[in-house]
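A.B. asks: Sequence first, predicted model second:
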Amino acid sequence: LKRSTRGSIPRASADRAAARANPTPLPAPPLRGVRARSAMCAAVVGALGRQLRAGAGAGRRVMTQTLAEPMAWNQAPTLVTTLPNGVRVATKETFGETASLGVFLNAGIRDETKEGAGSAFMMEQLALSGTAKRPRAKLEAEVESIGATLDMSAGREQSSYTMSVMKGGVKQGMDILADLVTAPPVGNLTKEKEGILRGLDEKEVPTRAVIDDRLHAVAWRDYALGFSGVGPFDGIDTLTEAHLKAYVDANYTAENMVVAAAGPMKHADLVKLATDSLGGVKAGAPKPFDTKPYFCGAELIYRNDEMGPTAYLAVGWEAVPWKSPDAVTFMVMQALIGSYKKGEGLVPGTISGNRVVNAVANKMQVGCADEFESFLHFYRDTGMFGFYVACDEVAVGHAVGELMFGCNLMSHSVTDEEVERAKRDLKTAMFSAPTSAEAACAELGRQVLAYGRGVPAAEMMLRIEAVDAEEVKRVAWKYLSDAEVATTGLGPLHGMPQYYDLRRATNMHRY
């Protein structure tokens with residue numbers, strides 16, 4: 001018996017020893033507060049990542065569903081309500097003492113007629129001249145009494161009336177905005193016209209804005225999208241109240257309006273205010289079918305050898321509209337080309353990791369451009385991608401050549417490292433922008449007009465992350481390679497390449 005039990009351990013003792021060596025883990029305490037939200041975010045990201053890796057198609061299908069609840073990302077949700085007459089109300093509740101609200105209109109320069117060219121600009125200038133209910137003096141006094149700021153802007157496709165107020169002045173601010181939108185001061189044209197035209201003649205417009213305006217004029221020369229936004233306006237001195245009234249009646253309609261707000265306010269409260277003030281706005285008549293603006297490959301050159309040593313020019317390709325599946329890839333492509341200004345920036349252009357910036361900064365050992373930047377414009381049914389450059393008159397050919405080569409190269413030779421750098425720069429630019437209530441309101445109004453909803457930051461991040469080098473090459477090959485280009489220039493352009501050579505530079509050629 002002793003021999004049989006020598007060196008052995010009774011079963012009960014063995015079990016206790018094993019339990020001490022490998023203790024049974026206690027159940028984890030329930031997560032609360034920040035830990036719970038972090039765990040939830042990690043679970044959502046993990047699930048979405050697995051589906052994205054399983055296949056791009058499946059990832060696209062589940063992306064919107066996975067991000068349908070912004071609270072999973074610890075973000076304030078964007079709530080959108082459509083009133084019975086078609087006016088949309090969108091809010092993003094934030095914390096603070098200041099609220100920003102506005103009425104955004106799906107109307108702008110491209111909604112003008114040929115006879116009423118300049119109507120959007122004139123409505124922008126007349127916006128703060130006072131209404132029948134609130135003359136100019138009363139309007140200014142009322143805005144100042146609540147410590148608010150009031151602004152109106154008109155773009156190519158969108159216009160906005162915005163106010164920033166303290167949280168206690170939201171109701172009064174909504175009443176002022178509704179008055180400006182439902183009873184715009186068209187009748188003030190007669191007494192204000194002379195001063196507006198004089199100010200237009202005396203106004204100094206930045207060269208960058210002039211070049212962009214002329215590039216639109218040459219690219220869409222047969223459509224209202226190419227009408228001028230900065231002047232001079234053809235026939236603006238003959239504009240009458242009838243022209244402005246026709247513009248307002250056609251575009252200031254319920255289905256074109258979005259009431260957007262960001263700040264310490266409840267969605268239901270804003271919906272009630274919008275219903276009371278804008279619930280009576282009528283819907284517009286169905287618009288006749290309009291064809292997509294035709295992008296015209298052409299050049300518009302203003303050569304002036306006496307305006308100084310610097311030449312200004314821009315080149316543009318037709319891009320995609322807001323809702324295109326390739327829109328985010330174009331945003332990455334814009335960051336891939338980047339921007340440059342000689343003598344500025346944390347990293348000198350001569351040692352930049354951006355291939356285009358490095359080539360421009362090191363050309364001829366002194367650089368071939370003072371500055372350049374890529375640009376991207378989205379519209380309802382089209383868009384424009386390209387670059388603007390300012391350079392010395394003797395370096396025009398070199399600067400244009402390097403930038404055309406950089407854009408052309410995206411169709412053939414883009415590395416994953418370059419795309420990752422571009423994605424990082426794009427996210428930095430998007431999410432380091434001002435985070436005030438005013439900026440949030442403007443972004444919300446723009447998104448609801450363009451997409452019909454607010455786009456969460458997390459969704460945009462994932463869409464950017466889904467872009468890789470092969471996707472960039474596919475999109476660049478489809479839209480930029482061997483494609484029509486529009487170009488315009490101003491200044492001493494004796495070194496400007498002929499349009500034939502610019503068009504040929506959109507494709508790789510050996511000789």
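C.D. replies: Everything's here; your move.
A.B. asks: quick one: residue 197 and residue 294, what's the gap?
C.D. replies: 32 Å (Cβ to Cβ, to the nearest Å). C-betas here are computed from N, CA, C, even on glycine.
A.B. asks: where do the strands sit along the stretch 401-511 of the chain?
C.D. replies: Counting by DSSP state E, counting those that start in this stretch, one finds strands in the stretch 401-511 of the chain at the ranges 485-491.
A.B. asks: Tell me where the protein is predicted with low confidence.
C.D. replies: Residues of the chain meeting the criterion pLDDT under 70: 1-74, 289, 510-511.
A.B. asks: quick one on the thing from earlier: quick one, which of residue 197 and residue 294 is more surrounded?
C.D. replies: Set residue 197 next to residue 294 and count neighbours by other Cβ atoms under 10 Å: residue 197 wins out with 17 against 12.
A.B. asks: Which neighbouring elements make contact with the strand or helix carrying the more buried one?
C.D. replies: Using DSSP states H and E, residue 197 maps to helix 189-202. Helix 189-202 sits against helix 119-126, helix 241-251, with contacts defined as 3 or more Cβ pairs under 8 Å, 6 or more residues apart in numbering; DSSP states H and E.
A.B. asks: what does the shortest one contact?
C.D. replies: Residues from elsewhere that reach helix 119-126 (Cβ atoms under 8 Å, 6 or more residues apart in numbering): 107-109, 111-113, 152-154, 159, 184-186, 188-189, 192, 196, 199, 229, 231, 233, 236, 239, 243-244, 247-248.
A.B. asks: what's the answer for stretch 389-398, then?
C.D. replies: With Cβ under 8 Å, 6+ apart, stretch 389-398 has contacts from 207, 305, 309-314, 363-364, 368-372, 399-400, 403, 491-497.
A.B. asks: mind running it again at 7 Å?
C.D. replies: 309-313, 363-364, 368-372, 399, 403, 492-497 (Cβ atoms under 7 Å, 6 or more residues apart in numbering).
A.B. asks: Quick check on the residues you listed: which are buried?
C.D. replies: Among the contacts of stretch 389-398, those that count as buried by neighbour count (16 or more other Cβ atoms under 10 Å) are 311-313, 363, 368-372, 399, 403, 492-493, 495-497.
A.B. asks: Which pair of the residues you listed spans the longest distance?
C.D. replies: The span of the buried ones among the contacts of stretch 389-398, defined through Cβ to Cβ, is set by 371 and 497 at 19.5 Å.
A.B. asks: Can you tell me which of the helices and strands packed on helix 189-202 is packed in deepest?
C.D. replies: Highest mean neighbour count among the helices and strands packed on helix 189-202 (mean count of other Cβ atoms under 10 Å): helix 119-126, with a mean of 23.
A.B. asks: what about the strands in this protein?
C.D. replies: Using DSSP state E, the strands found in the chain span residues 78-82, 88-93, 98-105, 149-154, 159-166, 257-263, 299-303, 310-318, 339-341, 371-378, 383-392, 485-491.
A.B. asks: Can you give me the end-to-end span of stretch 361-375?
C.D. replies: With Cα to Cα, to the nearest Å as the measure, the ends of stretch 361-375 fall 19 Å from one another.
A.B. asks: Could you do stretch 351-359 as well?
C.D. replies: OK, stretch 351-359 end separation, Cα to Cα: 10 Å.
A.B. asks: So for that stretch, what gets flagged as buried?
C.D. replies: Within stretch 351-359, the residues scored as buried using 16+ other Cβ under 10 Å are 352, 354, 355, 356, 357, 358, 359.
A.B. asks: between the residues you listed, which is nearest residue 460?
C.D. replies: residue 354 (22.2 Å).
A.B. asks: Inside helices: which ones of the contacts of stretch 389-398?
C.D. replies: 399, 403 (DSSP state H).
A.B. asks: so the spatially closest residue to residue 337 that is not a sequence neighbour bridges to which residues?
C.D. replies: Excluding the flanking residues, the one nearest residue 337 by Cβ to Cβ, 6 or more residues apart in numbering is residue 374, at 3.8 Å. Beta-bridge pairing for residue 374 (DSSP bridges): residue 387.
A.B. asks: How many residues are close by residue 374?
C.D. replies: Neighbour tally, residue 374, other Cβ under 10 Å: 21.
A.B. asks: wait, what's in contact with it?
C.D. replies: Residue 374 makes contacts with 334, 337, 338, 339, 387, as judged by Cβ under 7 Å, 6+ apart.
A.B. asks: Does the first one touch residue 376 like I think?
C.D. replies: Spelled out, it's residue 334. Yes. Taking Cβ atoms under 7 Å as the definition, residue 334 is a contact partner of residue 376 at 4.5 Å.
A.B. asks: ends of stretch 307-327, how far apart?
C.D. replies: Chord length of stretch 307-327, first to last residue, is 38 Å (Cα to Cα).
A.B. asks: What residues sit buried inside that stretch?
C.D. replies: Judged by neighbour count using 16+ other Cβ under 10 Å, the buried positions of stretch 307-327 are 311-320, 322, 324, 326-327.
A.B. asks: Same check on stretch 429-444?
C.D. replies: 436, 437, 438, 440, 441, 442, 443, 444.
A.B. asks: Alpha carbons only: can I get that stretch in PDB?
C.D. replies: Only the C-alpha atoms of stretch 429-444 are listed here, as PDB (Å, rounded to 0.1, in the frame of the first residue of the first chain):
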ATOM      1  CA  ALA A 429      -7.000  69.300 -43.900                       C
ATOM      2  CA  MET A 430     -10.600  68.000 -43.400                       C
ATOM      3  CA  PHE A 431     -10.500  67.500 -39.700                       C
ATOM      4  CA  SER A 432      -8.200  70.400 -38.600                       C
ATOM      5  CA  ALA A 433     -10.600  72.900 -40.000                       C
ATOM      6  CA  PRO A 434     -12.400  75.300 -37.700                       C
ATOM      7  CA  THR A 435     -14.800  73.600 -35.300                       C
ATOM      8  CA  SER A 436     -17.000  76.500 -34.400                       C
ATOM      9  CA  ALA A 437     -20.800  76.400 -34.600                       C
ATOM     10  CA  GLU A 438     -20.700  78.600 -37.700                       C
ATOM     11  CA  ALA A 439     -18.300  76.300 -39.500                       C
ATOM     12  CA  ALA A 440     -20.400  73.200 -38.500                       C
ATOM     13  CA  CYS A 441     -23.600  74.800 -39.700                       C
ATOM     14  CA  ALA A 442     -22.100  75.800 -43.100                       C
ATOM     15  CA  GLU A 443     -20.800  72.200 -43.500                       C
ATOM     16  CA  LEU A 444     -24.100  70.700 -42.500                       C
END
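A.B. asks: wait, what's in contact with the residue nearest to residue 240 when sequence neighbours are not counted?
C.D. replies: In this structure, residue 240 finds its nearest non-sequential neighbour in residue 189, 7.4 Å apart by Cβ to Cβ, 6+ apart. Counting by Cβ under 7 Å, 6+ apart, residue 189 makes contact with 122, 126, 241, 244.
A.B. asks: where's the second one relative to residue 199, distance?
C.D. replies: If I follow you right, that is residue 126. Taking Cβ to Cβ, one finds residue 126 at 12 Å from residue 199.
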